[in-house]
Every structure is written in structure tokens, then in C-alpha cells.
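Visitor: Sequence first, then the predicted structure:
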Amino acid sequence: MRRYLTPLLFLSPASALILLFFFTPVVATLLLSFTDLSTTTFRHPSWVGLANYQDLLTDPFLKKILANTAKYVGLTLAFNVGMGLLLALLTSLVPENWGDPFRALWLLPRILPPVVYVFIWQGLLAEAPMGLVSDLLGVSKNWLVEAPWTAVILANGFVGASFGMLIFTSAIRAIPRELFYAAAVDGATTGQTIRRVVIPMLAWPILFVTAYQTLSLLTSFEYILLLTDGGPGFYGTEVWSLHAYHLALSNYFGNVEFGLGAAMAAVLVVIGVIVSLFYLKIFNFRALVTEPKIEV
Amino acid sequence: MALLPRNWPLWLLLLVLITLPIGAGILWLVLTALYNQVHGLIPVGRLAPQHWRFLFEGSVGGRPSIWVALKNSLFFAGTVAVLEVLIASMAAYAISRMKFPLRTPYLGMILTLHAFPAVSLLIAIYYILRVLGLFDTLVGVILVKASLDLPLGIWLMKGFFDQLSWDMEMAALVDGASRWTVFWRVALPLVRPGILALGTFALLSAWGEFILPFTFIVSAKSWTLALYMQSFMKEAFVDYGLMAAVGLFYALPVFLLFLFGQRYLLNIYSGGVKG
């Protein structure tokens, strides 16, 4: 037993934090979802069984929120994967000393503090004279209110596109040169080379990026919270994860409904656990993201 | 890249066109922060130092001074980065170098957690922090942030330790050094590139972090720059000039890293970073 003391010591800080902030919250989310915890019952919540889930199912706005969530995840995903692919191809079609600065530029939305990034979008979409979009279109409107979905999807998409871009770029780099030479000898055009040589080699990374981003989009709400906070109007862009957050943690209606919010979060947590376990099995996670390729 | 067509300038043009919104956004931020008025991207009027008054005045509209927020942000990001690098390295070293029961399941758990969307746990973490008495404290948010990024860090550092040859450590062990000494004096200095990469990633990620302090911090004295800036967004009258100046000030380290460390950034993010 003593010889396992050293690894135990090395692993204990990480294990303690993971236990405290991953495992306990997973269990706590499930447990809280069975209680009526709210502002008024914070000290003495009682067990209500499946009542929160029943409330969820009978919520008249459930349909709207589900539709919003599908719209947000579907369209952002399409933008992320499509734009990521386009960027990876374009930056590979130009000389390296041009491609790299553009890849770095596309990283900016991701590494800028979200608050600053969203503020820029708000400014660009504002009324004239500030707003660039109003200026260009010649119609002075607050485009964030006028076209909230376009704003939400583009703002999230510009952040998300770089993920696919980087993964597809390394996949393109890994294609053996001989394939390109062979295509060139056969007289293939650039378009044909991309369609017949590059894209087939990217099938697996594309599937991976799609799967991975579906899960993270389903649960992410930071940029929507900052950009529209679920508005405009009543639940204009409110998605599932944001609604859970609003119910449990913001004083939207004065009384926060912690238990109900936890029930909505529990649905996401269960999906998250199942899907990430599934990824571990199906995808060659090691080869695709987790194997660090850092050469500093 | 073997795929360089003869008409590549055409593709470059297309690349420039789709990247234009990013350039326009950054330019808009800089111009709005500097000039009295901006029409779209054309500055009208003169330079506007009054947008930067938040640097000199004690407080703007009853907020704490920006220097308090800056100090909190530096403390938050710095502590998160140090904790994350240290704790992740220790765990990664054990996984990479030592034999213990359940080693493979442990590794699988780290990988699964890496894919797991931690943001769905926010509601329960709120409850846990309140139970622990860490709600509304920077320490609480630091622990949460460092923990949630830990699976990524462990996996990244494990990769670096795996690439080290075992000989140096073996020699030190034979000379009678303890495992801790070997880790601290021999292995850790050899994975400096990994420490630098994870450290940079952790610093950037914590510097920009919004949702965790927003959810777990109430008192203005513990505000980070993200909360300071967000407090302007809620106002009925939006002072774009002032906010752009605050935003530029807040994002300055990111812009500097972008200007001087592009290659380095690309290398880090091409590694195993979450989308």
C-alpha cells in the first residue's frame, strides 16, 4: 500500500478539485431538481419528486424555447463548420506567410474578453451615427433588436469558426504531398483537387467538430446572455441553457426558482454525461483534439 | 502546403473579404475610444481624452475605481494560471510516470470531463459555494475556474511529460532523490514549453472570464474588469466613447499578445484547446 502513497499525493489536489466542482455538482444538480428550492424556501426546501419536471413539460413556453434552442444550435453549428472549413481551405490556398496572420486574426474573437467582443457587436449594430451596419445599409436602426437571430448566430459563429479552422488546417497539413502531386499530374483543377482529394480526407474531422460543437453549443449561453439576454421582447432568443440560468440565478421575476432551473440544467447535465462518454468510446479523442501538438 | 494554385491572389482576396468584419470591429473599437464622434468607421471631430477619464477619476457613476478592478483581474487571472499549471502538472506527472490502481479509468475520466460541458454545472456550483461560504469571494471563483479547466490542463501536460525521456529522472532517482525532488527539479524544468503554453492559455481564459464572476460575485469591491465593463452595458444611456476606452484598456494585453505572439498563439490553440 505504501508504494501508492506517492501517486496519491501527486493526484490529490487535482482529484479534490474535480470531486468538489465536477462530481458534486453533477449529483447536486440532480438532487436539487427534485426539490422546491427557491428564494422563499432557501433555508428549508422540501422534496417534491418529479414536480419540477412536470412543470417543465406543461410550461406553455416550452415549445418556444425548444424551437429557439434548435435554431441557435443548428444555425450556429452550420456557420461554425462551414466557415471553419472555408477558412482552413482558403488559408491553405495562399502562401504560408499570408495564411498564418489570417488564422491568427480569426482567433481574436475567441481570445478577446467576451464582454469587449459583445460590446463591439453592440456598437456595430447600433443606430447611426455609431453603428457601422446602419451606416452601410443607409437605414438607421438598432439591428440587435431588428435582427436578433442574425446577431446571435454571427457573434457566436465568429467565435466558433476558429475551432474548426484549426482542426481542419492540421488535417489538411497531414495529407500526404504525393496525393496533391498526383492530382496535379492528372491535370486536376483546384476545385477538383479540393472536392476529390481534400474533402474526403476531412470527413472524420468534420464529423468530430460537428459532434463536439453540438454539445458545447447546447449548453453555452454566455454570448447570448451578454448580447440580448434572451430578448428582445418575450423570450426572443431565450435558449434552454439560458432559461435554466435565468430561472435559477437571476431575479427576472423576483423569486428565483432554483429547483425548476436545476431540473432544466439536469437535462443538460445528463445529456452531457452520456454524450461525452459516448465520444470517448466512438471518437479517437486522443488523435483529434487531446493529443497536444504544441511545438513552441 | 502542396496546395498552392497559380491564381492564389484571388483566394487571398476572398479571404480578406470574409475577414473584413473582424478588422472593422477592432478598428471601430479603437476609433470610438479615441475620437469624439465616429460615423461608422470615419472619425469626425477631435481626439477625445475625456473618454479615458475613468483612469484618473476615482469612480465613474458610483463604480469602484478601475484600478481596483484591474488589481482583482490580475489577482484572479494570475492565481488561476499558477494553480492550474501546478495542480495539472502534478497530476499529469503521476499519470505519465507512476503505476497505481485504476490508472486507465482515471485517464478516461479526465478525457470525458474534458469533453463534458462544465457550464451546465453553474447552478449547482452556486449552491455549493454558498454552502462552503465561498460565495461572493474571489477565492471561490478562482477555485471554480481553475477546477473547470483542470481536465484540459492535465491532458495537455501529460502529453509533454510523455515526450520526456526517462533517463534524467532515473539518474536522479538512483542518486537518492525523492519523487517530489525529481518532479520539481528535473521534470518540471524540462517541460517549460508546456508550462508556458498552459500558462498563457489559462491567463487568457481567466482574464476574459465573464460568466463565473458574474454569477458568483456580488460585491463591487471584488469586481473584475469584466464585471466593471459589463456594468456600463446595463445603463439606459450608452456612452460608447467611454465604454470603448474601457474595453480597449481591458483588452490591451490580448491585443499585445496578438501583435507580438501570433505564431505562439496559433501553436497553443492548435493544441488541445476547447471550442
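Guide: Alright, I've got the coordinates. All figures in this text were calculated on a predicted structure; none of them were measured in a lab.
Visitor: Just give the closest residue to A:Val239, not the sequence neighbours.
Guide: Nearest residue to A:Val239 in three dimensions, chain neighbours excluded: A:Thr69, at 4.5 Å (C-beta to C-beta, 6 or more residues apart in numbering or on different chains). In this view, the C-beta of every residue, glycine as well, is placed from N, C-alpha and C.
Visitor: mind listing the helices for the stretch 101-250 of chain A?
Guide: A:114-124, A:132-137, A:143-146, A:148-173, A:177-185, A:190-193, A:199-219, A:222-227, A:240-249 (DSSP state H, counting those that start in this stretch).
Visitor: how about B:Leu31, what does it touch?
Guide: By C-beta atoms under 8 Å, 6 or more residues apart in numbering or on different chains, the contact set of B:Leu31 is B:Val38, B:Leu41, B:Pro43.
Visitor: Let me know how buried the second one is, in neighbour terms.
Guide: Looking back up the chat, that one is B:Leu41. Using other C-beta atoms under 10 Å in any protein chain shown, B:Leu41 has 15 neighbouring residues.
Visitor: before we move on, the earlier item: and the helices of the stretch 101-250 of chain A: which comes nearest B:Leu256?
Guide: Closest approach to B:Leu256 among the helices of the stretch 101-250 of chain A (C-beta to C-beta): helix A:114-124, 14.2 Å.
Visitor: Let's test this: mean pLDDT of that closest one, rounded?
Guide: Average pLDDT, helix A:114-124: 95.
Visitor: Could you do stretch A:249-260 as well?
Guide: Mean predicted confidence for stretch A:249-260 is 72.
Visitor: list the contacts for the spatially most central residue of chain B?
Guide: By C-alpha atoms, centre = their mean, chain B has its centre lying nearest to B:Ser205, at 1.6 Å. Residues counted as contacts of B:Ser205 (C-beta under 8 Å, 6+ apart) are B:Asp149.
Visitor: Helix, strand, or coil at B:Val38?
Guide: Reduced to three states with DSSP: H, G, I helix; E, B strand; the rest coil, the structure at B:Val38 is strand.
Visitor: and B:Tyr264, what element?
Guide: Element membership for B:Tyr264 (DSSP states H and E) is helix B:262-270.
Visitor: Tell me where the stretch 151-275 of chain B has strands.
Guide: Ranges of strands within the stretch 151-275 of chain B: none, based on DSSP state E, counting those that start in this stretch.
Visitor: which residues of it fall in helices?
Guide: With DSSP H, counting those that start in this stretch as the criterion, the stretch 151-275 of chain B has helices at B:167-174, B:179-181, B:188-190, B:192-208, B:211-216, B:225-233, B:240-260, B:262-270.
Visitor: again with the stretch 1-150 of chain B
Guide: B:8-34, B:66-97, B:103-115, B:122-132, B:138-148, B:150-163.
Visitor: for the closest residue to B:Arg263 other than its chain neighbours, phi and psi?
Guide: Closest residue to B:Arg263 in three dimensions, ignoring its sequence neighbours and counting by C-beta to C-beta, 6+ apart: A:Asp100, at 6.9 Å. The phi and psi values for A:Asp100, taken as degrees, to the nearest 10, are phi -60, psi -50.
Visitor: doesn't B:Leu266 make contact with A:Asp100?
Guide: Yes - applying C-beta atoms under 8 Å, one finds A:Asp100 in contact with B:Leu266, separated by 6.4 Å.
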